[in-house]
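please find the sequence and the predicted model below.
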Number of protein chains: 4
Amino acid sequence: MITEDVLKDIFKPTNLKWRTAITKVEANKLLTRGHLQEELVGNVSFAEMVYLLVKGELPSKNEAKMLESVLVSFCDHGVTPPSTQSARLMASAGSPMHACLAGGLLAFGKNHAGAIERSMKVLQEGINKTRSDMDIDSMAQIMVDYFMKREEKIPGFGHRYHDEDPRAPRLMELAHENECLGRHSELALAIENILFESKGIRMNIDGANAGILSDLGFDWRLGSGIFMIGRLPGIMAHVHEEITRESPFRKVFEMDEIYYDGKEAEF
Amino acid sequence: MITEDVLKDIFKPTNLKWRTAITKVEANKLLTRGHLQEELVGNVSFAEMVYLLVKGELPSKNEAKMLESVLVSFCDHGVTPPSTQSARLMASAGSPMHACLAGGLLAFGKNHAGAIERSMKVLQEGINKTRSDMDIDSMAQIMVDYFMKREEKIPGFGHRYHDEDPRAPRLMELAHENECLGRHSELALAIENILFESKGIRMNIDGANAGILSDLGFDWRLGSGIFMIGRLPGIMAHVHEEITRESPFRKVFEMDEIYYDGKEAEF
Amino acid sequence: MITEDVLKDIFKPTNLKWRTAITKVEANKLLTRGHLQEELVGNVSFAEMVYLLVKGELPSKNEAKMLESVLVSFCDHGVTPPSTQSARLMASAGSPMHACLAGGLLAFGKNHAGAIERSMKVLQEGINKTRSDMDIDSMAQIMVDYFMKREEKIPGFGHRYHDEDPRAPRLMELAHENECLGRHSELALAIENILFESKGIRMNIDGANAGILSDLGFDWRLGSGIFMIGRLPGIMAHVHEEITRESPFRKVFEMDEIYYDGKEAEF
Amino acid sequence: MITEDVLKDIFKPTNLKWRTAITKVEANKLLTRGHLQEELVGNVSFAEMVYLLVKGELPSKNEAKMLESVLVSFCDHGVTPPSTQSARLMASAGSPMHACLAGGLLAFGKNHAGAIERSMKVLQEGINKTRSDMDIDSMAQIMVDYFMKREEKIPGFGHRYHDEDPRAPRLMELAHENECLGRHSELALAIENILFESKGIRMNIDGANAGILSDLGFDWRLGSGIFMIGRLPGIMAHVHEEITRESPFRKVFEMDEIYYDGKEAEF
């Protein structure tokens, strides 16, 4: 019998360069994950579009609202992050917008946006390893012990600017309201309980979103990408602010703030 | 009298490095454009957040829906754009997600996402120069003549893959429905009329969004940034697809597709 | 008659993706600009290789020494430039080396490395427009007048850290010694004479190298690229220093150095 | 007693932002690793400058020649690498030179330039673990066994385009001539012997340079950075070629080379 797959294979081009299941491009037709783009535009939210692009299907209304909250929560952290600082330095140096935005993203290294990916990985592994006869609090204790023994920080907890990151409890509250609070978030909350009692450390935005995104079924390797989608508008706003409010190529640092401790001239 | 501005000035730090009106960061408090972030999260849409970050105030509901449609319309164009191709090549080469996304953005040069900025600039200049005694059709004619005389393409019209870009009429329809169709979009439509009659050329997504974003009051220098915000999820989906479906460091090109026409070895 | 070009055309692949005259890649054979790479390695200097890659032929010994001096002169400017600052911020954020180096380059905007390109463009246009009956001093005066009238800075003169950029006179001296001091450098020197007498402004490294590279026959569009080749080792050294000497994700700025002057919360 | 270090500490600024031992910047004075830049320019080669910047002292003449050969050997590999392809795609899209070069570097992921770092790491660990009573051939055998058992490729051996990478034996020859062939290169050669006899696999450019750079005392974390310094001129030449010889925003891929295997439209 000639199935759809057989037919697809017959019409598969011989000099294949790229294969994609995301968008079919034909003259005057753009089909994304089975939907014509002109039907998506105006009918789905940005968060639904993100979900559709990555996962291949539209989310439920609650999932869509949850993902939208996640994206909004990443919006901006002032000029404190190296990503925003780098983008503004590039803007001041006269680079065009697309180069400044790209430059901002390049600062999302493993110590910055990387934290959410590691947090998702840890939570997903924790849940995968939770045996059916084990409760989540026990797994949380095992995980805390593991990290404490190695004197490592658990990604997603503690923040260099906030004792109580105001975004984390709000996100947990929304996860509850939107009926999206699943086992990964429960694990994150259980870890927070232990860490807060023993060390006064609370969940941060990365921990909260790591739990939520994991409960929404996102691969942990997408964590920093989703962070970047949420943060890009903030970086753009900062680049625009730098260009419109500051003088070009300004000296952000005074010379006496840069300390040379290398070799002096030899005579 | 001691006004708020005087007070602000008194408390202004002396060793000022950065000045921003976007987000105030204090311990356990994040205030963006006058709103606590925990009040924004869950209450505003992603599009509202973009608008707030850039313009400093929340949009009307119609404006928010319009901007959301603009962002969704930029979602993806398959593997045809150099931005998506570059990001996938980098993913195949084993670069981490944030480097692949940054790399994708670097391909948004003046011939790619740059088109929307030039289109916005042209439309905004057109409207600014439209005298009160002149109708928009006359301005459109002046502009078409100007570009034709110089044998240049008008940015925002014609597409290398589509005679009729299916996104453009949908966006114009939504602008009408959301009562966001202002003078810039009218100018774009008037230009399309002339170009279509004389050359069969239609408005593309850049022209439609250039009109809409200009009517929403966005500085033309933000055009490509907004394009990038809309497109980033698509690039992320492609990077993830490359990593999960293809073998690493694959040869996208066969050796016989690369042609050397330089000097041969001398003997 | 069957010429080499006809033969080349016959063997030209039909599904051509890329065309290049730089390097021919065959199994076990790499031919760059007509030279086998194993014959280049160990026999040509790095500067000769740069010249060969870009211009298609090897330079004279004097030209090679001159280009080497140009490359060395770009080596480093401490932590003052935004390129170095950005690369270090990214390193601190935990980005891998290749992302930090790329990020550093993204700060080479029109106000930073862009100056050398504009300087080359200006000098090359100046020489092109110097009529045979006109001496270089007259052209220099015309150019200075042009810029002064528009209240614009002439690219390549004046430096935000140095009254007398120590690299510029050294480079001019070497151009003289290597018999590479041609009309573009003479024009730069003539401009300096006028600017120094009238305003106390001297040539900077960009002006000196713009003259030299123009005299060596480089397209002005390559100016910032050559700057970046010369500076990349410096950026790499800084990234390595940041990683090996500083704690990760350190706060470069104190919170009181970032000043918020936006809206306060509304109650 | 007041030592130099005590004095340095006294004059250390209190609001220190950056600390560097690479270059001291003062008005009209640039001191790099204890040498005035105007004395370096014209007197040291580019390779010597690279060595000085990173290691803090000048190399011997033989070491300088060796490093120069390493840098030259990385020059170009035509349009086959994703780095060069990405940079050309960005150039075609109309991005400025600095963005194209940065974009090229972003493709140097762990499967591309990353190989040299892993090769350096493996060789350095191998030598560190070679007990005094063990010869290098035994260590090579242990390492080959380790990788084969895990069915992993040893970084630095085998090439996707060359059975016999012509650059590798040339580099080994030069290491011998320059008296720079130390234990790391010996280990690489010993591994090659085993791999070639058992599987016909030879050392590639990464393996050769990994041995040489390790023998020159470079930290393995600098491997890909040194690769990038060597390759940047090649990428620049390709960007310039794309801009000067090809039409802007050309379609590198035909539509029938991109295969959509996702969902069809639902009716």
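Structure's in. What do you need?

drop to CA atoms for contacts and neighbour counts, all remaining ones
Fine.

tell me if I'm right that A:Trp220 and A:Ser214 touch.
Yes. With contact defined as C-alpha atoms under 8 Å, A:Trp220 reaches A:Ser214; the gap is 7.2 Å.

helix, strand, or coil at A:Arg19?
What DSSP: H, G, I helix; E, B strand; the rest coil gives for A:Arg19 is strand.

contacts made by stretch A:45-65 with the rest, please.
A:22, A:32-33, A:67-68, A:71, A:178-180, A:216, B:42, B:46-47, B:68-69, B:71-72, B:75, B:233-234, B:236-237, B:240 (C-alpha atoms under 8 Å, 6 or more residues apart in numbering or on different chains).

report the buried members of these.
A:22, A:32-33, A:67-68, A:71, A:178, A:180, A:216, B:42, B:46-47, B:68-69, B:71-72, B:75, B:233-234, B:236-237, B:240 (16 or more other C-alpha atoms under 10 Å in any protein chain shown).

okay, and the residue nearest the centre of chain A sits in which element?
Nearest to the geometric centre of chain A sits A:Phe227, at 2.4 Å (C-alpha atoms, centre = their mean). Assigning secondary structure by DSSP states H and E places A:Phe227 in helix A:223-245.

repeat that for A:Phe147.
helix A:136-149.

can you list contacts of that helix?
Counting by C-alpha under 8 Å, 6+ apart, A:126, A:130, A:153-154, A:183, A:186-188, A:190-191, A:194-195 sit against helix A:136-149.

list the buried residues for the helix or strand following that helix?
Where DSSP H and E defines the elements, the next helix or strand beyond helix A:136-149 is helix A:167-177. For helix A:167-177, burial by neighbour count (16+ other C-alpha under 10 Å) applies to A:167-172, A:174-175.

OK, contacts around the residue of the stretch 1-150 of chain A found nearest chain D?
Per C-alpha to the nearest C-alpha, A:Ala21 is where the stretch 1-150 of chain A lies closest to chain D, at 3.7 Å. A:Ala21 makes contacts with A:33, D:260-263, as judged by C-alpha under 8 Å, 6+ apart.

can you rerun that using 10 Å?
Contact analysis of A:Ala21 by C-alpha atoms under 10 Å, 6 or more residues apart in numbering or on different chains lists A:32-34, A:53, A:56, B:78, B:237-238, B:241, D:259-264.

over to A:Val25?
Counted by C-alpha under 10 Å, 6+ apart, A:Val25 has contacts A:31-32, B:76-80, B:161-162, D:255, D:258-260.

mark which of those are buried, thanks.
A:31-32, B:76-80, B:162, D:255, D:258-260.

I'd like those written out as a markdown table, with distance to chain C added.
Listed next are the buried ones among the contacts of A:Val25 as a markdown table, based on distance: C-alpha to the nearest C-alpha, whole Å:
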| residue | distance to chain C |
| --- | --- |
| A:Leu31 | 26 |
| A:Thr32 | 27 |
| B:Asp76 | 23 |
| B:His77 | 20 |
| B:Gly78 | 19 |
| B:Val79 | 16 |
| B:Thr80 | 14 |
| B:His162 | 22 |
| D:Met255 | 13 |
| D:Ile258 | 14 |
| D:Tyr259 | 17 |
| D:Tyr260 | 21 |
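
okay if I get those as a markdown table plus secondary structure?
Below are these laid out as a markdown table (three-state DSSP):
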| residue | secondary structure |
| --- | --- |
| A:Leu31 | strand |
| A:Thr32 | strand |
| B:Asp76 | coil |
| B:His77 | strand |
| B:Gly78 | coil |
| B:Val79 | strand |
| B:Thr80 | coil |
| B:His162 | coil |
| D:Met255 | helix |
| D:Ile258 | strand |
| D:Tyr259 | strand |
| D:Tyr260 | strand |
